[in-house]
Each structure stands twice: as structure tokens, then as C-alpha cells.
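Peer 1: structure of the sequence below:
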Amino acid sequence: MDPHLLRTFTAVARLGSFSAAAHELGYTQSAVSQQVAALEADLGVALLGRRPVAPTEAGARLLDHADVLLTRLAAARADVVRVARTPVVSLVVGAAGCAFGPRAARALAEFRGAMPRAQVGVRGLERAAVVPAVVAGEVDLGLVDGAVAPTDPLRLPQAEGLAVAVVGEEPLAVLLPPGHPLAGRTGLRLDDLTDALWLDAPGAAVPLADLRAATPGAYPAGLGYAGGDARVLHELVGAGHGLAVLPRSAAGPAAVPLTEPHLVHRVEVVHGAAASPAATRYAAALAAG
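Peer 2: Numbers count the residues shown, from 1 in each chain. Got it, this is the predicted structure:
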């Protein structure tokens, strides 16, 4: 059923006149007559009596549906036009290591609640690749992390000219396999662990380079893990392949707090000085915690 023909028919039925409908719609009277006739031919039934001009029983039944049909069509048209005219909002977050933690996830949920139509993605990157990805526009903003003293910033030599802000920090803990002789302690010193076997897993734990910078030592690596899946890391530690230092929220309740040196796991957000509104909104959600 052609909506244009239906609209013409409803105008004639409402006004009780072909000429009045033609004047309202901007058509000739013959064009209005032809459109009503075409609709009747399509449905195979007379819709209007001609003298006087009034709906037949079938026409009256069609009028019962016409207003709803035309209203729904107008709403559909308006919705399609609105979507076409509304710019697509997108946000791509680049995250390294343990940077994308509970706080980042909550902020992303808040962002999506405020902008439900936004296209959102999270891209896992190596730590050294996050800032270059922001500079190149491959991601809208980046999350970087590391183990530092509470008063020290992360070392981001490539971030000159970018906006950098602290997202949060939390204590560190040492992940030990079950039955390890140090597992029952209330705290551990890194000094006592420099000769232990470690996992080299910079994408899922504090990099060994950060530990060596804080407390020089050998930190022999028993196994290298290039992924970022915390579950895989826990399985590797549990099987005795080496120790790992993680943020307390990622280490789990069985991990032992790292007490010396006094280090924290810090997460910082990096974005361009002229960040997109989406990146600015997400950064604000991160800062609010």
C-alpha cells in the first residue's frame, strides 16, 4: 500500500471533497482522483462514494488504520533522518599492562550510560606503544601503568605536548604459588626476592625492569609470557613457573603485600591537548573515580 495514496485518500475522506483535498495537498483535482482510484485498484474495493463524497464501509475500516500507519511512517522517517544527521561518536581506549582495571571499567560503563549510541572499543597495547598510538590518532586516549614511588610520575618521555593525568594508584602484592614458604607472611621485601624465579610478563604484571629500577638484582626469569590475560598469569604462577608482582586488585586475596620498597601501582591517562569530546568525557569519568 503506497503511503502517498493513503495520505491522499485520508485527505479526501476528511474534507469530503476531491477539490478541497487537491487544494490542501497541492495537486490537481484529476491527480487526486487518479490516486484514490489507484488505491482502490490496489485493494480491490471501493473506498469512497462519489455523491456525496464519503467513505464506504471498507473505506471507514481503512481510515481506522490510516492515522496509525501514517504516524508510524512519519516517526520512522524522522528517526532515520535524525540518525543520518547525528554524527557518530566513537571512543577507542588504548591500554597497557594492568592499566585497564576496575576503575577504568566503571568509568567506561558511566561513559556508555551517558552516550549509549557511542561506538566504544578497548585496544590492548604494549606499554611502549600507548603514547605513540595516541600521537598517531590510532586511539583517542591511552592508559599506561607502572610501579613507582608514591611521589614519582611514570616515565613517559614520548608524552611531551600531551595531556597526562593520574587516574589512580594502589598497593602492590606478590603472587606466589600455593605452598610457597613465604605464602603465609603479612608482607614481603623485594630485597628478599631478587634471586627468586620470576615470570617475565610485562603485559600482565609489573615489568621486571620496574622492579630492577626499584631494587637492583638479578630477577631471573623462569618463563616469558607475552599476553595480557590475568588468568593465564595466575595459572603460570600457580604451576611454579615464577613469581609476579601485581596491583592488589588483580593479585587476589592469596597474594602477599609488598611492603618494601614503598611502591604503588600508578595508572595515568594520556590524550592529546585537543582531545575529542568523547575522550574528554571519558577522562573526566576516570578522574571522578
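Peer 1: now do the buried residues in stretch 115-134.
Peer 2: 115, 120, 123-125, 127, 129-131, 133-134 (16 or more other C-beta atoms under 10 Å). Yep, even glycine has a C-beta here, placed from its N, CA and C like the rest.
Peer 1: and that stretch, how far out from the chain middle?
Peer 2: Here stretch 115-134 is found 10 Å from its chain centre; the criterion is C-alpha atoms, centre = their mean, to the nearest Å.
Peer 1: and the contacts of it?
Peer 2: Residues from elsewhere that reach stretch 115-134 (C-beta atoms under 8 Å, 6 or more residues apart in numbering): 86, 88-97, 100, 108, 111-112, 138-146, 156, 158-159, 162, 202-203, 207, 228, 270-272, 278, 281.
Peer 1: pull out the buried residues from these.
Peer 2: 91-97, 100, 108, 111, 139-146, 156, 159, 162, 202-203, 207, 228, 270-271, 278, 281.
Peer 1: so which of these are in strands?
Peer 2: If you go by DSSP state E, these have 91-96, 141-146, 270-271 in strands.
Peer 1: can you pick out the most distant pair from those?
Peer 2: For these, the farthest-apart pair by C-beta to C-beta is 91 and 146; their separation is 23.6 Å.
Peer 1: can you tell me which of the ones in strands among the buried ones among the contacts of stretch 115-134 lies nearest to residue 250?
Peer 2: For those, the nearest to residue 250 is residue 145 (10.5 Å; C-beta to C-beta).
Peer 1: now that closest one: closest residue in space that isn't a chain neighbour?
Peer 2: With sequence-adjacent residues excluded and distances taken as C-beta to C-beta, 6 or more residues apart in numbering, residue 145 is closest to residue 99, at 3.9 Å.
Peer 1: what's the helix or strand of the chain with the lowest mean pLDDT packed up against?
Peer 2: One helix or strand of the chain scores below all others by mean pLDDT, DSSP states H and E: helix 57-85, with a mean of 80. If you count contacts as 3 or more C-beta pairs under 8 Å, 6 or more residues apart in numbering; DSSP states H and E, helix 57-85 packs onto helix 3-15.
Peer 1: how far does the next helix or strand after the helix it packs on sit from the chain's center?
Peer 2: Per DSSP states H and E, the first helix or strand lying C-terminal to helix 3-15 is helix 18-25. Centroid separation for helix 18-25 versus its chain: 52 Å, with C-alpha atoms, centre = their mean.
Peer 1: what angle sits between helix 18-25 and helix 3-15?
Peer 2: Helix 18-25 and helix 3-15 meet at an angle of 120 degrees, taking axes from the mean of the first three to the mean of the last three C-alpha atoms, to 10 degrees as the criterion.
Peer 1: let's have the chain start at 41 instead
Peer 2: Got it, first residue is 41 now, which makes that one helix 58-65.
Peer 1: now what about the helix or strand that helix 58-65 is followed by, what contacts it?
Peer 2: Moving toward the C-terminus from helix 58-65, the next helix or strand (DSSP H and E) is helix 69-83. Residues outside helix 69-83 that contact it (C-beta under 8 Å, 6+ apart): 41-42, 44-46, 48-49, 51-52, 58-59, 61-62, 65, 67, 86-88, 98, 102.
Peer 1: mind checking which of those are buried?
Peer 2: 45-46, 48-49, 51-52, 58, 61-62, 65, 67, 87-88, 102.
Peer 1: any chance of these in CSV, plus distance to residue 221?
Peer 2: Below are the buried ones among the contacts of helix 69-83 laid out as CSV (distance: C-beta to C-beta, whole Å):
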residue, distance to residue 221
45, 87
46, 83
48, 89
49, 89
51, 90
52, 93
58, 98
61, 94
62, 96
65, 90
67, 93
87, 92
88, 95
102, 86
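Peer 1: which single one of those is nearest to residue 280?
Peer 2: Using C-beta to C-beta, those come closest to residue 280 at residue 46, 75.6 Å.
Peer 1: could you find the closest non-adjacent residue to that closest one?
Peer 2: residue 106 (5.7 Å).
Peer 1: what is the burial count for the one you found?
Peer 2: 19 (other C-beta atoms under 10 Å).
Peer 1: what of the one 5 residues further on?
Peer 2: Other residues within reach of residue 111 by the criterion other C-beta under 10 Å amount to 10.
Peer 1: how much space separates it from residue 120?
Peer 2: 15 Å (C-beta to C-beta, to the nearest Å).
Peer 1: contacting residues around residue 96?
Peer 2: 85-89 are the contacts of residue 96 under C-beta under 8 Å, 6+ apart.
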